[in-house]
Every structure is written in structure tokens, then in C-alpha cells.
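A.B. asks: got a sequence here, can you model it:
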Amino acid sequence: MNAGLRGVLMFGTLAALMASAPDGRGRNDPSWAAALFTERTHEFGPVPRGATVRYPFVLRNRLAEPVSIINLRASCGCTSGRANVSTVPPGGQAVIEAAMDTTSFVGRKATTLFVMLVTASGKQEEVGLAVSSTILSDVVLNPGTIDFGTLAKGQEMTRTLTIDRLGAPQWRVEKMVSASKVIDAWLDETARDAKNVQYRLTMKLKPTAPAGLIRDEVRVMTNDSEAPVVPILVTGQVLGDLSASPVMLPLGRIANNGHAQGRYLVRASKPFQIVALEGQGNGFALDEFEPSAKAVHLINLTYKTGPNTTLGDVRQVFRVVTDLPGEVPLEISATLRVDP
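C.D. replies: The predicted model follows:
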């Protein structure tokens with residue numbers, strides 16, 4: 001690693017502390033929203049250029065009313081976020097994953113993912129979750145992640161990337177760690193000379209992979225004591241027999257005293273029953289589903305404003321639970337903008 005980047009590591013802790021109050025509040029602030037998070041900062045440490053690193057922030061609802069996650073926004077285009085649920089009941093929890101793409105940066109990088117929360121009684125507040133890392137110029141991933149894209153259930157897929165270590169001919173990979181049961185992975189050393197080393201990582205998605213999102217991480221362990229781990233994000237989506245049209249329903253723009261309607265078509269290759277529709281609330285209501293088994297179901301959605309309506313951009317996620325064997329619940333969503 002070059003001397004400049006090694007020096008950057010020395011003030012990494014200070015930068016992380018400075019980012020610990022990204023929403024303008026101190027760590028001891030009594031904010032009800034900030035108090036729901038077990039932690040609000042994370043330091044990734046040294047990471048290779050091109051990698052995408054992620055961290056799960058946990059929200060625990062200690063209030064006596066439901067809390068909804070209505071918006072995620074980042075202070076930098078290199079950072080993105082996703083929540084595993086849109087509404088958290090009292091006593092429940094949500095995981096908000098912050099991901100940082102290091103492709104376009106070298107050196108110290110600190111960004112913030114802002115999470116907008118609203119309670120059932122109408123309290124609204126934004127919380128900042130800070131992530132930071134030191135992006136190495138001498139360890140490079142190409143491409144930065146393994147992405148299998150979207151594929152049908154039962155389909156096999158192979159993807160590769162290269163890991164280049166510049167200026168360190170003695171650098172070696174010692175082992176690779178992966179918790180995934182649906183992906184086979186192996187490493188091959190493809191080049192080594194007086195200056196640089198290169199490895200090729202090959203990953204194969206097994207045809208037994210179940211339907212749903214793929215979000216895993218492979219950790220390549222090296223003999224570099226300063227940066228011993230190279231994290232590699234693995235993503236994709238395996239489509240099951242169940243599908244919806246549309247998956248994301250835009251309801252447009254309405255006034256604060258208005259309403260909106262839309263519909264989804266949920267289909268499969270054989271007749272099925274809808275067992276439950278999850279995620280309703282915050283003004284969103286789904287019609288009661290027909291109990292009969294059929295290959296195509298129509299689900300009507302209605303949105304109405306109320307005394308505690310959140311203004312601005314609103315997004316709600318629903319889950320369609322069916323009796324199809326082996327099918328995970330289907331996620332559908334709706335978006336709209338509520339004007340004052």
C-alpha cells in the first residue's frame with residue numbers, strides 16, 4: 001500500500017467520530033427517532049477500490065405505536081440504502097442496509113444515509129446513519145461486485161471478477177470465506193510478476209437457489225496485515241413462479257385531502273390462493289382477496305389522506321403471501337407524492 005494511503009488510516013477514527021452526528025445532533029441527543037437505532041455509525045476500514053461494502057443498521061421500535069420508514073436518501077451518489085420492512089410494530093425491528101460503492105474514489109470517504117421515520121400519531125423525523133472507509137488505490141476489483149442479475153428459478157449462472165494487487169509481489173490470498181449454500185466459488189492466481197499480483201474469482205449460482213433476492217458477501221483473506229480482508233458483494237434475484245404486474249405502482253400526485261387508486265395483477269402458472277396481504281396502513285388499503293384458487297388474482301389498492309398524512313414523497317411496500325409450495329412472499333410497492 002502506498003505511504004499516502006497508510007497515513008490516511010491514522011486519522012480514520014477521528015473522521016468517523018466527526019461523522020457520528022450526521023443529522024446535526026449530538027450522540028446524547030434525546031431525539032425519539034435516533035434512540036430507536038442501536039448504532040448510527042460504522043467504519044468499514046480499508047477496502048479495495050471498486051468494491052461495494054454494506055452494513056446492516058438495526059432499528060428497534062421501543063415506542064407504543066408503529067413506526068414507518070417512508071424515505072431513504074444519501075448524501076453521496078456512492079451510497080444507497082434499503083429497508084427489509086416499511087412498517088415496524090411496537091417491539092419489532094427493521095434492518096436498514098447502507099451500501100457504499102468505492103469505484104470512483106481513493107482515500108478517505110465518509111457519507112451519510114438519511115432515514116425518514118413517521119409514527120402512527122404523526123411524529124416525523126429524519127435520522128442520519130454514517131458510514132466511512134479508506135479506499136485503497138493498490139487493491140482493485142474489476143468489476144466491483146458479482147451480480148447475477150435477474151434469472152429464472154433453476155437456471156445456472158457463472159460470473160467472474162479479478163482482484164489486482166499493485167506494487168506488492170509477495171501479496172497472497174490465504175483463504176476465502178462464504179456462508180452461501182447456493183453459490184460455489186473458487187479463486188485462481190492468474191498473474192504474478194516483480195510488481196503486481198492478480199487473482200480471478202469465479203462464482204457459480206446453483207440451480208437449487210430458491211426464489212428471492214440474493215445478497216451475500218464473500219470475504220477473501222490475505223497476508224496483508226494492514227488490509228487483511230477483501231469483501232466482495234454478491235447480488236441477484238431468482239424469479240419464482242409467482243409474479244406481479246406492476247411490481248412498483250406509481251399513483252402520481254395528489255392533494256393533502258385527496259385519494260388515489262390502482263391495481264395489481266398477481267399470476268402464476270397454476271391456480272393458487274392468496275393467504276395474506278401484509279404491509280397495509282399509513283393510508284394504504286388493499287381490497288380483501290378472493291379465497292378461491294386461480295392462476296390470476298386482481299388486487300385493488302386505495303390510498304386516502306388523513307389527519308396524520310405525511311407530505312411529500314411516500315412509498316409503501318406490501319407482501320403477498322400465497323399457498324404455493326416453496327414460494328417466498330411476493331413484494332410489491334406503491335409510490336405517490338402528497339402536496340400540501
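
A.B. asks: now the residue most central in space within the chain. Nearest residue, chain neighbours left out?
C.D. replies: With distances taken as CA atoms, centre = their mean, residue 82 lies nearest the centre of the chain, 3.8 Å away. Take residue 82 and drop its neighbours on the chain: the residue closest to it by CB to CB, 6 or more residues apart in numbering is residue 97, 5.3 Å away. Any C-beta I mention is one placed from the backbone N, CA and C, and that applies to glycine too.

A.B. asks: who is that neighbour paired with across the strands?
C.D. replies: With DSSP bridges applied, residue 97 shows beta-bridge pairing to residue 56, residue 82.

A.B. asks: so it sits against residue 54, correct?
C.D. replies: Yes. At 5.4 Å, residue 97 counts as touching residue 54 under the criterion of CB atoms under 8 Å.

A.B. asks: quickly note the distance from residue 231 to residue 99.
C.D. replies: Between residue 231 and residue 99 the computed distance is 11 Å (CB to CB, to the nearest Å).

A.B. asks: any common contacting residues for those two?
C.D. replies: Listed as contacting both residue 231 and residue 99 by CB atoms under 8 Å, 6 or more residues apart in numbering are residue 53.

A.B. asks: show me where the stretch 151-300 of the chain has its strands.
C.D. replies: Along the stretch 151-300 of the chain, the segments classed as strands by DSSP state E, counting those that start in this stretch run 157-166, 173-178, 183-192, 196-205, 212-222, 229-239, 243-245, 248-255, 259-272, 274-278, 284-286, 294-304.

A.B. asks: mind listing the strands the first one pairs with, and their directions?
C.D. replies: Meaning strand 157-166. Looking at strand 157-166 with DSSP bridges, its partner strands are strand 124-142 (antiparallel), strand 196-205 (antiparallel).

A.B. asks: for residue 236, which non-adjacent residue is closest in space?
C.D. replies: Spatial nearest neighbour of residue 236, chain neighbours left out: residue 148 (3.1 Å); criterion: CB to CB, 6+ apart.

A.B. asks: ok, now which ones touch the residue sitting furthest away from the middle of the chain?
C.D. replies: In the chain, the residue that sits farthest from the middle, by CA atoms, centre = their mean, is residue 194; the gap is 39.8 Å. Contact analysis of residue 194 by CB under 8 Å, 6+ apart lists residue 169.

A.B. asks: any idea how far it lies from residue 168?
C.D. replies: In this view, residue 194 and residue 168 are 11 Å apart by CB to CB.

A.B. asks: same thing with residue 325?
C.D. replies: For residue 325, the distance to residue 168 equals 52 Å [CB to CB].

A.B. asks: out of the two, which sits in the more crowded spot?
C.D. replies: residue 168 (16 against 7; other CB atoms under 10 Å).

A.B. asks: confidence score at the more buried one?
C.D. replies: At residue 168, the model reports a pLDDT of 93.

A.B. asks: before we move on, what about residue 9?
C.D. replies: The model reports residue 9 with a pLDDT of 37.

A.B. asks: next one: residue 219
C.D. replies: 92.

A.B. asks: can you name the residues bridging to it?
C.D. replies: Beta-bridge pairing of residue 219 under DSSP bridges involves residue 177, residue 231.

A.B. asks: if we can go back for a sec, most packed of the strands paired with strand 157-166?
C.D. replies: Burial of the strands paired with strand 157-166 is given as mean neighbour count (mean count of other CB atoms under 10 Å); strand 124-142 ranks first at a mean of 22.

A.B. asks: ok and that strand relative to strand 212-222, angle-wise?
C.D. replies: For strand 124-142 against strand 212-222, the angle by axes from the mean of the first three to the mean of the last three CA atoms, to 10 degrees is 60 degrees.

A.B. asks: and strand 124-142, average pLDDT?
C.D. replies: Averaging pLDDT along strand 124-142 yields 93.

A.B. asks: next, the angle from that strand to strand 229-239.
C.D. replies: 110 degrees.

A.B. asks: please save the CA atoms from strand 124-142 in CSV.
C.D. replies: Coordinates of each C-alpha in strand 124-142 appear next as CSV, following Å, rounded to 0.1, in the frame of the first residue of the first chain:
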residue,chain,number,x,y,z
GLN,A,124,-41.9,12.7,11.8
GLU,A,125,-38.1,12.9,12.0
GLU,A,126,-35.0,12.2,9.9
VAL,A,127,-32.0,10.2,11.3
GLY,A,128,-28.6,10.1,9.7
LEU,A,129,-26.6,6.8,9.6
ALA,A,130,-22.9,7.5,8.9
VAL,A,131,-20.6,5.1,7.0
SER,A,132,-16.9,5.6,6.2
SER,A,133,-14.0,3.8,4.7
THR,A,134,-10.5,4.2,3.4
ILE,A,135,-10.5,3.2,-0.3
LEU,A,136,-7.2,1.7,-1.3
SER,A,137,-5.6,2.6,-4.6
ASP,A,138,-3.4,-0.5,-4.7
VAL,A,139,-6.1,-3.2,-4.4
VAL,A,140,-8.6,-3.1,-7.2
LEU,A,141,-11.7,-5.2,-8.0
ASN,A,142,-13.0,-5.4,-11.6
